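A.B. asks: dropping a prediction and its sequence here:
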Amino acid sequence: MKMSYRRSSKKSQVSRWIYTVIILIVFFLIYPYISGFFMAPKNFLLRLAYPLWQTQAEAEQNKLSIFSYFSGKKELLDANRELKEKVGKLDGLTAINTLLSDENEQLKSMLGRPPFYSHRVLATILIRPGRVPFDTLIIDVGKKDGVAEGAHVYAVDTTVIGRVTEVFETTSRVILYSSPGESVAVLIGPENIGAEAKGLGGGNFEIILPREVPIEEGNTINIPGIEPFVLGVVGYIQKEPSDAFQRILFKSTANIQEIKFVEVLIR
């Protein structure tokens with residue numbers, strides 16, 4: 001009986017293995033056909049949830065767009081406010097400049113010096129740097145207009161840019177003070193510190209002074225005279241601890257490539 005029991009037990013185990021193998025084979029054979037049946041509910045749920053996800057994504061995008069809009073609008077408002085403040089300051093400076101100019105003319109009249117505007121003649125630039133060498137201009141006024149050699153030439157009212165070097169009957173040649181090799185006596189800042197400005201070309205200048213002389217960026221640089229001859233504004237000060245001198249760099253306040261007319265001082 002014991003032997004029979006063991007034999008039947010082994011037979012039962014073999015049968016279970018055979019059934020298992022058969023079931024696995026059958027499962028792998030029919031899986032491709034029934035997988036779609038099991039995936040259908042999952043696909044259905046995904047299709048059902050997709051609009052919800054899309055709506056949520058659009059809401060998030062809208063939030064970002066609104067945030068960007070208000071952020072950009074704030075930046076524009078800040079920039080606009082800053083520009084208005086700058087315009088206000090410029091208007092104030094213009095008003096002060098006009099007041100000082102009027103007072104200057106009144107003082108000159110009281111002292112027997114007529115307003116300087118009566119001594120100028122308007123001229124058109126015929127040829128400018130690029131077509132003639134060495135930072136020079138050709139203008140359309142000459143001897144017939146009372147122009148003389150050495151006369152100052154202006155742009156933008158009180159900004160002096162050069163001097164007349166040759167006078168013809170109806171035209172004149174002007175050399176810019178910024179031309180390399182040119183030099184002109186100047187006064188710097190409210191203390192009217194005397195110096196010599198040398199041309200570097202292209203509207204640029206340099207001034208060399210002892211390092212202890214008090215010069216600041218933004219100081220106005222004028223040509224001496226009863227009339228306000230502005231040459232430029234201090235732009236950069238190069239000063240090394242080991243140097244006995246300081247190098248002051250500045251640029252003309254007038255861009256000669258952008259102006260059409262100049263004025264010539266007539267003595």
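C.D. replies: Cool, got the structure.
A.B. asks: so who does residue 128 touch?
C.D. replies: Counting by CB atoms under 8 Å, 6 or more residues apart in numbering, residue 128 touches 137, 256, 257. Backbone N, C-alpha and C define where each C-beta goes, glycine included.
A.B. asks: using the three-state scheme, assign residue 25.
C.D. replies: State at residue 25, reduced to three classes by DSSP: H, G, I helix; E, B strand; the rest coil: helix.
A.B. asks: I'd assumed residue 233 was in a strand, is it?
C.D. replies: Yes. Residue 233 sits within a strand when classified using three-state DSSP.
A.B. asks: quick one: low-confidence ranges for the stretch 51-200 of the chain?
C.D. replies: 51-74, 84-118, 131-133, 156-157 (pLDDT under 70).
A.B. asks: ok, the contacts of residue 128 vs residue 189, which is closest?
C.D. replies: residue 256 (24.9 Å; CB to CB).
A.B. asks: confidence score at that closest one?
C.D. replies: If you check residue 256, the pLDDT there is 86.
A.B. asks: how many neighbouring residues does it have?
C.D. replies: The number of residues packed near residue 256 is 20, by other CB atoms under 10 Å.
A.B. asks: now do the SS call for it.
C.D. replies: Under three-state DSSP, residue 256 comes out as coil.
A.B. asks: list just the nearest of the contacts of residue 128 to residue 219.
C.D. replies: For those, the nearest to residue 219 is residue 256 (22.5 Å; CB to CB).
A.B. asks: residue contacts, that closest one?
C.D. replies: Contacts of residue 256 (CB under 8 Å, 6+ apart): 128, 129, 137, 155, 161, 176, 203.
A.B. asks: what residues are up against the third one?
C.D. replies: Meaning residue 137. Here residue 137 is in contact with 125, 126, 127, 128, 129, 153, 162, 173, 174, 176, 256, 262 (CB under 8 Å, 6+ apart).
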